[in-house]
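> sequence plus the predicted model coming up.
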Amino acid sequence: MVNNIYITGFMGSGKTTVGQALAKSLGYQVTDTDKWIEEMEGQSISTIFKQYGEPYFRDLETNALQQISGNQLIITTGGGIIMRPENREIMKEKGEIIYLQCDLEEVFLRLNDDTTRPLLEKEDKSNVEKLYQSRLPFYEEADYTINTTGKSIHFIVQELKSLLK
Ligand SMILES: Nc1ncnc2c1ncn2[C@@H]1O[C@H](COP(=O)(O)OP(=O)(O)OP(=O)(O)O)[C@@H](O)[C@H]1O
Ligand SMILES: O=C(O)C1=C[C@@H](O)[C@@H](O)[C@H](O)C1
Ligand SMILES: [Mg+2]
């Protein structure tokens, strides 16, 4: 079994949800970069974006990746963490990367009522699709990919456990 596990993927692909369930099943600790940042800053991601802008949030993400460390740790990341080369380097160096893939139509269904993701606010579907496409090559650098579309959390966790054996 590998040491640290980084879970990447687009917004709504299930990183936070699957990471929690995987950690419980494996007996690993789990840390979510978005939650870690919110705790450190004492503010929600939406507020950080509104008050300081996206580049500031991206600096906080790199710092989070550098600071979060442990043994047999599952780290669930923010959907945009793969955009910075230095972030990709940190994850490659410190562990194995799992990409949770999800069809965009299902992402829209999962996040239909969500108001906590600033990059989805006020954006029409074609702009979100452009963002998704622009990120794909970076998600695809992962060590493992799992398609989560139409699958239950339990099923995804079982698939991940057999992949990681
Ligand atoms: N396999 C799944 N089937 C159905 N719903 C799911 C699945 N995975 C996650 N969800 C739901 O989709 C929503 C988003 O999931 P989650 O917050 O885990 O995504 P995320 O990848 O962490 O997103 P972000 O990049 O914004 O942090 C939640 O309501 C969650 O319950
Ligand atoms: O895809 C993104 O860029 C983001 C995803 C979320 O996890 C948060 O990190 C934030 O809302 C930005
Ligand atoms: Mg998340």
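Done, it's in. Ligands and ions are numbered 1, 2, ... in the order given.

> the helix or strand hosting residue 157 and ligand 1, are they touching?
According to DSSP states H and E, residue 157 maps onto helix 153-164. Yes - counting by CB under 6 Å from any ligand atom, contacts between helix 153-164 and ligand 1 involve 153, 156. Quick note: C-beta positions are derived from backbone N, CA and C, even for glycine.

> what's that helix packed up against?
Helices and strands touching helix 153-164, by 3 or more CB pairs under 8 Å, 6 or more residues apart in numbering; DSSP states H and E, are helix 15-26, strand 95-101, strand 144-147.

> list the buried residues in that helix.
Taking 16 or more other CB atoms under 10 Å as the neighbour-count basis, helix 153-164 is seen to contain the buried residues 156, 157, 159, 160.

> one more: stretch 137-156?
Neighbour count says stretch 137-156 has 138, 139, 142, 143, 146, 148, 151, 156 buried, by 16+ other CB under 10 Å.

> with stretch 109-126 instead?
Judged by neighbour count (16+ other CB under 10 Å), stretch 109-126 contains these buried residues: 110, 117, 118, 119, 120.

> can you list which of those are found in helices?
Counting by DSSP state H, the members of these that fall within helices are residue 110.

> and the buried residues of stretch 109-126, which two are furthest apart?
Checking the buried residues of stretch 109-126 against each other with CB to CB, the farthest-apart pair comes out as 110 and 118, at 16.9 Å.

> name the residues of this structure found near ligand 2, please.
Counting by CB under 6 Å from any ligand atom, the positions of the chain adjacent to ligand 2 are 11, 34, 45, 78, 79, 80, 117, 118, 119.

> how deep is the fifth one tucked in, by neighbour count?
Neighbour count of residue 79, defined by other CB atoms under 10 Å: 22.

> and it, which of the three is it?
For residue 79, the secondary-structure state derived from DSSP: H, G, I helix; E, B strand; the rest coil is coil.

> pretty sure it contacts residue 14?
No - under the contact definition of CB atoms under 8 Å, residue 79 does not touch residue 14, with a separation of 11.0 Å.

> is stretch 96-114 positioned near ligand 1?
Yes - counting by CB under 6 Å from any ligand atom, contacts between stretch 96-114 and ligand 1 involve residue 110.

> is that stretch positioned near ligand 3?
No - judged by CB under 5 Å from the ion, stretch 96-114 stays clear of ligand 3, getting no closer than 10.2 Å.
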